[in-house]
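>>> Okay, predicted coordinates and the sequence, questions at the end:
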Amino acid sequence: QVQLVESGGGLVQAGGSLRLSCAASGRTFSSNAMGWFRQAPGKEREFVAAISWSGGIKFYADSVKGRFTISRDSAKNTVSLQMNSLKPEDTAVYYCAAELDRPTIPARVPSLYDYWGQGTQVTVSS
């Protein structure tokens, strides 16, 4: 059974940092693009960041560019999201996802991802 499990969420004050991790099991995703998305209450799931299979191509939403960094460790089958200078508007459930069809140019659309984690809550207080 394929699973993606996020960890590292929590409560942090504005300006603080958190590091989210996503561990995959059941299959390796070393040849696949991976992404992070988030969903705030009452809002649609939105793209945060994505990384190609090699780690050489990374995309970020404009709202997090310069503050968040996505990385991966293919040997460990993990992907991480370092979040700095957090703002209250970053509050959401964060999900990691794996995409099977576009390893080189990761997608920014949730519907193109094939596997999803259960999410981890990030709350940023003002």
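Yes, it's here.
>>> Dihedrals phi and psi, Asp90?
phi -80, psi -10 (degrees, to the nearest 10).
>>> and it, what is it in contact with?
Neighbour list for Asp90: Arg38, Val64, Met83, Val122, Val124 [criterion: Cβ atoms under 8 Å, 6 or more residues apart in numbering]. C-betas here are computed from N, CA, C, even on glycine.
>>> now do Ser30
So Ser30 contacts Trp53, Ser74, Ala75, Asn77 (Cβ under 8 Å, 6+ apart).
>>> for those, which one is nearest Ser7?
Set against Ser7, the nearest of the contacts of Ser30 by Cβ to Cβ is Asn77 (13.9 Å).
>>> in the host helix or strand of Ala50, what counts as buried?
According to DSSP states H and E, Ala50 maps onto strand 46-51. Within strand 46-51, the residues scored as buried using 16 or more other Cβ atoms under 10 Å are Phe47, Val48, Ala49, Ala50, Ile51.
>>> Check stretch 20-35 too.
Result for stretch 20-35 [16+ other Cβ under 10 Å]: buried residues Leu20, Ser21, Cys22, Ala23, Ala24, Phe29, Ser30, Asn32, Ala33, Met34, Gly35.
>>> Now distance to Leu112 and pLDDT too, for those, in a markdown table please.
A markdown table is the format used below for those (distance: Cβ to Cβ, whole Å; pLDDT from 0 to 100):
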| residue | distance to Leu112 | pLDDT |
| --- | --- | --- |
| Leu20 | 21 | 98 |
| Ser21 | 23 | 98 |
| Cys22 | 17 | 98 |
| Ala23 | 22 | 97 |
| Ala24 | 18 | 95 |
| Phe29 | 15 | 93 |
| Ser30 | 19 | 92 |
| Asn32 | 12 | 95 |
| Ala33 | 9 | 96 |
| Met34 | 12 | 97 |
| Gly35 | 9 | 97 |
